[in-house]
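Colleague: compute the structure for the input listed below.
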Amino acid sequence: MWLEFVERAEKGEQSFSALCAHYGVSRKTGYKWLRRFRELGVAGLEPRSRRPRTSPRKTPLAVVELIVRLRRENPHWSGPRLRQKLRERGVTPVPAVSTIDLILRRRRLPGATDGFELAADPLPTEANYRWRLCLGPVLRFADGVTAQPAMVHDEATDFMVGAGLLANPSDSSLVPLVERCFRRHGVPWRFAVTPEAPDANVPVRRHTAFTIWLMRVGVLVDFVAPVSSAPPVRDPLEHLARSSANFTCGTASVLLEQLRDQHNFCGSGESPQRHSPIALYRPSLRELPPVIPPPAYPPQAAIRLVSEKGTFTFQRQVVQLGRAFSGLEIELRSTPDAKSHRVFFVDQYLGRLERSEAESDETRPLNLRPD
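Modeller: As a prediction, this is how the structure comes out:
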């Protein structure tokens, strides 16, 4: 990202303010990276560690490994119980429950305060915690082309990370748009998806090739109920819809990008005291890998291969998962009480299987149960 940024800055084809807005960084940050590039070349664009040289209060590595081992061996233990076990083993000083929880979150293990559920690393109020895709109405432009405007925004800061016109709102159009956002601004932790459901108020967990792609690049998928676009997203989309008949598709694409930049600099204008999104947003430190790796699981994991029909077997019963998972591997994890199994794809929790249902004599396919 930064190499492309400084190369465009050196060419001077557009103003530096507009270039910074396009990449979602402040002018101060832009000048910082430009200065490093001029002083050190490409080597100056390598990220520098902000970790302090010394950390006297850091939890010893031996204690961290002990906490991780206790959690793996006893996933049902609570935070206070883990702390008590550390005290019984002579650990001094004993880490607080919040410290134990933070250690487990960093290791991507179930947090001490989250029961058996996977915990997310950042806070919901932080940038890149969750992005959302907002689609406008299908428009017909002056050149006869029909397309649907789309904007991807960061929920915590209202920053528009990307915008574009989709020839059709299918996975083949969504993946390139979101991939460009990932390569420009980094990868978020979560992505909000609004599925098509008979009841608009009940989100249905129906995975598609798009959500599979998100999970494979390390993004957790949140199925959310459909809501009307928030004002910061609705304003540019409504502006484009009102004037779509006056522009060609190419001109509308440029206008949509200009509306995105205008919003990032000025915000929605709802409050004069509100900071602009570009002042609040920071690019994600998680980079999109050049090649998406295949799903990887621990050696001892219980793995099932999903068939072409989107099914797999459990206790000699057929389980319906979805054709989007065809040819992929999923993992089964037994709950502490051994009454059910939880199904995961990479780090994404898909649902649970009740052992009592699998042991019944019914021949109909089983379905995952949401928590």
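
Colleague: helix or strand next in line after whichever helix or strand V64 is part of, which one?
Modeller: Assigned by DSSP states H and E, V64 belongs to helix 61-73. As assigned by DSSP H and E, the chain's next helix or strand after helix 61-73 is helix 79-88.

Colleague: using PDB, list the CA coordinates for that following helix.
Modeller: Taking C-alpha atoms only, helix 79-88 is exported to PDB below (Å, rounded to 0.1, in the frame of the first residue of the first chain):
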ATOM      1  CA  GLY A  79     -11.300 -17.000  34.600                       C
ATOM      2  CA  PRO A  80     -11.400 -17.000  38.500                       C
ATOM      3  CA  ARG A  81     -10.800 -20.700  38.500                       C
ATOM      4  CA  LEU A  82      -7.800 -20.400  36.200                       C
ATOM      5  CA  ARG A  83      -6.400 -17.700  38.500                       C
ATOM      6  CA  GLN A  84      -7.000 -20.000  41.500                       C
ATOM      7  CA  LYS A  85      -5.100 -22.900  39.800                       C
ATOM      8  CA  LEU A  86      -2.200 -20.600  39.000                       C
ATOM      9  CA  ARG A  87      -2.100 -19.600  42.700                       C
ATOM     10  CA  GLU A  88      -2.100 -23.300  43.700                       C
END
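
Colleague: could you number the chain from 302 rather than 1 from now on?
Modeller: Taking 302 as the first residue, the last one we looked at is helix 380-389.

Colleague: average pLDDT for the helix or strand following it, rounded please.
Modeller: Note on helix 380-389: by DSSP H and E, the next helix or strand toward the C-terminus is helix 398-407. Averaging pLDDT along helix 398-407 gives 80.

Colleague: next one: stretch 622-636
Modeller: Rounded mean pLDDT across stretch 622-636 is 89.

Colleague: how long is that stretch from one end to the other?
Modeller: 20 Å (CA to CA, to the nearest Å).

Colleague: so where's the stretch 302-451 of the chain shaky on pLDDT?
Modeller: Along the stretch 302-451 of the chain, segments meeting pLDDT under 70 span 302, 349-355, 408-423.

Colleague: domain ranges for this protein, per the record?
Modeller: Per automatic domain parsing, the structural domains of the chain span 303-346, 362-407, 431-581, 603-668.

Colleague: closest one to V592 among those?
Modeller: domain 431-581 (10.6 Å; CB to CB). C-betas here are computed from N, CA, C, even on glycine.

Colleague: which residue packs closest to A319, ignoring adjacent ones?
Modeller: Sequence neighbours aside, D562 is the residue nearest to A319 in space, at 6.6 Å (criterion: CB to CB, 6 or more residues apart in numbering).

Colleague: what's the longest strand seen in the chain packed up against?
Modeller: Longest strand of the chain, by residue count under DSSP state E: strand 447-455. Counting contacts by 3 or more CB pairs under 8 Å, 6 or more residues apart in numbering; DSSP states H and E, strand 447-455 is packed against strand 431-436, strand 440-441, strand 461-467, helix 472-486, helix 532-543, helix 550-567.

Colleague: Throw these into JSON lines and include mean neighbour count and distance to N668, thanks.
Modeller: Supplementary listing: the helices and strands packed on strand 447-455 in JSON lines, determined by neighbours: other CB atoms under 10 Å; distance: least, CB to CB, whole Å:
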{"stretch": "strand 431-436", "mean neighbour count": "21", "distance to N668": "27"}
{"stretch": "strand 440-441", "mean neighbour count": "16", "distance to N668": "38"}
{"stretch": "strand 461-467", "mean neighbour count": "23", "distance to N668": "31"}
{"stretch": "helix 472-486", "mean neighbour count": "18", "distance to N668": "23"}
{"stretch": "helix 532-543", "mean neighbour count": "18", "distance to N668": "34"}
{"stretch": "helix 550-567", "mean neighbour count": "18", "distance to N668": "40"}
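
Colleague: indicate which one of the ones you listed is closest to P584.
Modeller: Closest among the helices and strands packed on strand 447-455, once you apply CB to CB, is helix 472-486, at 4.8 Å.
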